[in-house]
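In: Predicted model and sequence below, questions to follow.
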Protein chains: 2
Amino acid sequence: MRVSAKADYAVRAAVELAAAEEGPIKGERLANAQDIPLQFLEHILLELKHHGIVRARRGAKGGYWLARPANEVTIADVVRAVEGPIADVQSTPPEAIEYRGNSESLRDVWVAVRASLRSVLEVVTLADLVSGELPPIVAELTASPDAWLTSAATKEMTAKDS
Amino acid sequence: MRVSAKADYAVRAAVELAAAEEGPIKGERLANAQDIPLQFLEHILLELKHHGIVRARRGAKGGYWLARPANEVTIADVVRAVEGPIADVQSTPPEAIEYRGNSESLRDVWVAVRASLRSVLEVVTLADLVSGELPPIVAELTASPDAWLTSAATKEMTAKDS
DNA sequence: CGCGCTCCTGACCAAGGAGGTCAGGAAAGT
DNA sequence: ACTTTCCTGACCTCCTTGGTCAGGAGCGCG
């Protein structure tokens, strides 16, 4: 239930590529722009390349660029490239688990969790991030002040909590 | 972005407790009912106890029971007890991260991710799981057949994918 | 009281992932 | 040729995951 540094780095590097208009951008520049350890970043970029998110050319004037237009690459694409499937339970997809007895409905909950993650990650594109104009669903989710609290307050509480 | 075995086990054990009407249930019975390694489960139950989710008594006729009514314990409570904060990025809460340059909006996305997770996990209670009647939001999310696919299809695709 | 039952706790362990670093090779340009 | 930049694999340390094992501490009952 946490986002790894690798996934965070991958998205940030991809956004940087999406923002650049000129030709190939070298890894060093991406690393500097987003404060990512260079050698680690190059491993990440390689994975992104293997998954067809990014292309690259070596040599002088070489560098990386997006394989597809920035508005056709979602955050889910990038995260899946470096982290694998989103919202697996016990390293297997939620719909594949057999629950016994009283916890039969639990599978539906994990499926719902995955669906809700997708509803955000598969909708936001790199172009959205560059422009700063996020899709309505993200705007709605971040609109409530509760969304910005580390520990969400219980429904019933009104004013008695600190 | 994955649900650990521990969290899954914890919820299943908690559901089993929620379903039982008679007094304390011993760990062995929970382990058998949900097919969980006993000694591992007892560590988990101990954590749940430390977080005030569960109570316990030793000795003959001892066992575990829920500290609160089943309809007041959410899945989020249980998961947080054993896994810590939900949806941290790089082991820190999303709203606390400083993003530079083009990835400034990324923080909003991670906050939205956390909010969407909460919108499911903080709404489903153990009582819901026992009864099998899940809240509307879960029903909506699992209604679409896409939610049950391992790898979601792209929006534009209609019939050409396998 | 004594004794069995059950939880409680800490130590340990093997395997793998997270988050990198290092050294060298292979293409591209000039 | 030579530099630049990506490409790749090996390696490293620390931490987490998913457990097991051994023993201690409290509870109830005869």
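Out: Yep, that arrived. Numbers count the residues shown, from 1 in each chain, chains lettered A, B, ... in the order given.

In: rest of the way, CA atoms for contacts and neighbours
Out: Will do.

In: how about low-confidence regions in chain A?
Out: Within chain A, the ranges that satisfy pLDDT under 70 run A:152-162.

In: Apply 90 and report the result again.
Out: Low-confidence regions of chain A, defined here as pLDDT under 90, cover residues A:21-23, A:151-162.

In: So which residues on chain A come close to DNA strand D?
Out: Residues of chain A that fall close to DNA strand D, judged by Cα under 7 Å from any atom of the strand: A:25-28, A:39, A:42-43, A:45-46, A:49, A:55-64, A:90-91.

In: rerun at 6 Å
Out: A:25-28, A:42-43, A:46, A:56-64, A:90 (Cα under 6 Å from any atom of the strand).

In: Narrow those residues to those in strands?
Out: Residues of the residues of chain A next to DNA strand D located in strands (DSSP state E): A:56-57, A:63-64.

In: Let me know the closest of those to residue A:151.
Out: Among these, residue A:64 lies closest to residue A:151 (Cα to Cα), at 39.3 Å.

In: isn't the closest one right next to residue A:24, touching?
Out: Yes. Residue A:64 lies in contact with residue A:24 (Cα atoms under 8 Å); the separation is 4.9 Å.

In: Need the overlap of contacts for the two.
Out: Common neighbours of residue A:64 and residue A:24, using Cα atoms under 8 Å, 6 or more residues apart in numbering or on different chains, are A:56-57.

In: Counting neighbours, which of the ones in strands among the residues of chain A next to DNA strand D comes out on top?
Out: Comparing these by number of neighbours (other Cα atoms under 10 Å in any protein chain shown), residue A:64 comes first, having 21 neighbours.

In: Please, where are all the strands along chain A?
Out: A:54-57, A:63-66.

In: As JSON lines, those with distance to residue A:114 would be great.
Out: Converted to JSON lines, those look like this (distance: least, Cα to Cα, whole Å):
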{"stretch": "strand A:54-57", "distance to residue A:114": "26"}
{"stretch": "strand A:63-66", "distance to residue A:114": "27"}
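
In: Of all these, which one is nearest DNA strand C?
Out: Checking the strands of chain A against DNA strand C by Cα to the nearest atom of the strand gives strand A:54-57 as the closest, at 5.3 Å.

In: The closest one near DNA strand C at all?
Out: Yes. Under the criterion of Cα under 6 Å from any atom of the strand, DNA strand C is reached by strand A:54-57 at residue A:57.

In: now what about that strand, what contacts it?
Out: A:24, A:45, A:48-49, A:62-68.

In: Report the buried members of these.
Out: For the contacts of strand A:54-57, a burial check counting by 16 or more other Cα atoms under 10 Å in any protein chain shown picks out A:24, A:45, A:48-49, A:63-66.

In: of all those, which comes closest to residue B:127?
Out: Distance to residue B:127 across the buried ones among the contacts of strand A:54-57 (Cα to Cα) is lowest for residue A:48, with 43.1 Å.
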